[in-house]
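A.B. asks: take this sequence and fold it.
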Amino acid sequence: MVHHVRGRGLPDEQPVEYWIVDGRVSLEPIDGAETVFSDGWIIPGLVDAHCHLGIGTGGPVGLDEAIDYAETERRAGVLLLRDPGVPIDTRSLDDRDDLPRIIRAGRHLAKSKRYIPGLAIDVDDEAGLPEAVAEQARAGDGWVKLIGDWIDRSVGDLAPLWSDDVLAEAIAAAHTHGARVTAHVFGEDALPGLINAGIDCIEHGTGITDDIITLMLAHGTALVPTLINIDNFPGIADSAAKYPTYAAHMRALHASSRKRLSAAREAGIPIYAGSDAGGMIAHGRISDEVNALTGIGLSPTEALGSACWDARRWLGAPLLEHGAPADLLCFARDPRTGPEVLGSPDLVMLGGRVY
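C.D. replies: The predicted structure follows:
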């Protein structure tokens, strides 16, 4: 069956019309097509740039639960996700044409006892980090994920995991294998070493300062702030009462986060939407993250772009062009008007199949 959709596209708000045949977009009319949407807004499938399909509230999950999460994301309009650290093998999901496309970063890389148990590959000696990065670059889909900082219980506060020299060698190893590198970073101290080493992206970024913004601009570093997860910082602090310095630091990072991230946006740091679903954040909440991004200065169109057309370009994924996979969303109302609209597409089309 050949499908047909027409409406207005974004960000230019111009009329668009697509014919869908064999799961792909055609810009040329096809006789006999069934019109399945004809009045509203049409955009490429959403992107969640920080979404852990293999993680639940209790840690790693089984494949059946990961599939349930993927279906939840599809219902919310997420048709492409970057999984920045997955502790289980989800590659069999690539054979499912009814699930979102996945770009994996392999497994998190951390030092022993310096991250959540069961999620990361532990690198006992940091001299082994470059080889571990190379291995994950070979195993992933063009990304590697480092844990840049985490609580060091010996000092009772956030602290960097890696020395600057080994970071430079490790990130160079990833780039040699054609992979980009991102890192979990909450605090301030780990950022200069990671950015000077050539890291491609920072996750969270609540420790960003004016000096760090200058560094990121010089190196072209992107940012995925995961704002709806940052809102969990006060609760994390409350649960860490026996580490008062760390708890106070987490509260301070939360209190200053919007101001710091707004400054990054104002300076021109490229920002992309990631919900950090899995663990503390339920799946299917990318619309809430898009809405939160307007709180740090992105316009509604820019915020949607950070989870759609701009994110797709950043990840090297196609838009709605002739011959591209027919992964699109249709809305009767303007999807920029709020999360209740964006999170409930009137039509989801994945690979030409209507949901």
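
A.B. asks: show me what the helix or strand harbouring E289 is packed up against.
C.D. replies: Assigned by DSSP states H and E, E289 belongs to helix 286-293. When contacts are defined as 3 or more C-beta pairs under 8 Å, 6 or more residues apart in numbering; DSSP states H and E, helix 286-293 sits against strand 46-48, helix 227-230, helix 300-305, helix 339-342. Quick note: C-beta positions are derived from backbone N, CA and C, even for glycine.

A.B. asks: just the residues contacting the third one, thanks.
C.D. replies: Contacts to helix 300-305, defined as C-beta atoms under 8 Å, 6 or more residues apart in numbering, come from residues 10-11, 43, 273, 290-291, 293-294, 311, 335-337, 342.

A.B. asks: which of those residues sits closest to A197?
C.D. replies: A311 (24.2 Å; C-beta to C-beta).

A.B. asks: helix/strand/coil for that closest one?
C.D. replies: With DSSP: H, G, I helix; E, B strand; the rest coil as the basis, the three-state label of A311 is helix.

A.B. asks: could you number the chain from 596 rather than 1 from now on?
C.D. replies: Got it, first residue is 596 now, which makes that one A906.

A.B. asks: rewinding a little: closest to G653 out of the helices and strands packed on helix 881-888?
C.D. replies: Taking the helices and strands packed on helix 881-888 one by one with C-beta to C-beta, helix 822-825 is closest: 17.1 Å.

A.B. asks: ok, P787 to A836 distance?
C.D. replies: Going from P787 to A836 by C-beta to C-beta, to the nearest Å gives 30 Å.

A.B. asks: neighbour count winner among these two?
C.D. replies: Taking other C-beta atoms under 10 Å, P787 and A836 do not tie; P787 has more neighbours (15 against 9).

A.B. asks: need the contact list for that one.
C.D. replies: 759, 806-807, 810 are the contacts of P787 under C-beta under 8 Å, 6+ apart.

A.B. asks: after the host helix or strand of it comes which helix or strand?
C.D. replies: Per DSSP H and E, P787 falls inside helix 786-791. For helix 786-791, the succeeding helix or strand toward the C-terminus, using DSSP H and E, is strand 796-799.

A.B. asks: can you give me the pLDDT of M596?
C.D. replies: Predicted confidence (pLDDT) for M596: 86.

A.B. asks: what's near enough to touch it?
C.D. replies: M596 touches E629, counting by C-beta under 8 Å, 6+ apart.

A.B. asks: count of neighbours near S707?
C.D. replies: S707 has 10 neighbours, counted by other C-beta under 10 Å.

A.B. asks: coming back round to it: make TSV from the contacts of helix 895-900 and add neighbour count, distance to R775 and pLDDT to it.
C.D. replies: As requested, those are exported to TSV (neighbours: other C-beta atoms under 10 Å; distance: C-beta to C-beta, whole Å; pLDDT from 0 to 100):
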residue	neighbour count	distance to R775	pLDDT
L605	21	26	98
P606	15	25	98
I638	27	25	98
A868	32	17	99
V885	30	23	98
N886	22	27	98
L888	26	22	98
T889	16	27	98
A906	25	14	98
P930	28	28	98
R931	22	29	98
T932	11	33	97
L937	28	27	98
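
A.B. asks: just flag the most distant two among these.
C.D. replies: A906 and T932 (19.9 Å).

A.B. asks: give me the element Y613 is part of.
C.D. replies: With DSSP H and E as criterion, Y613 is part of strand 610-616.
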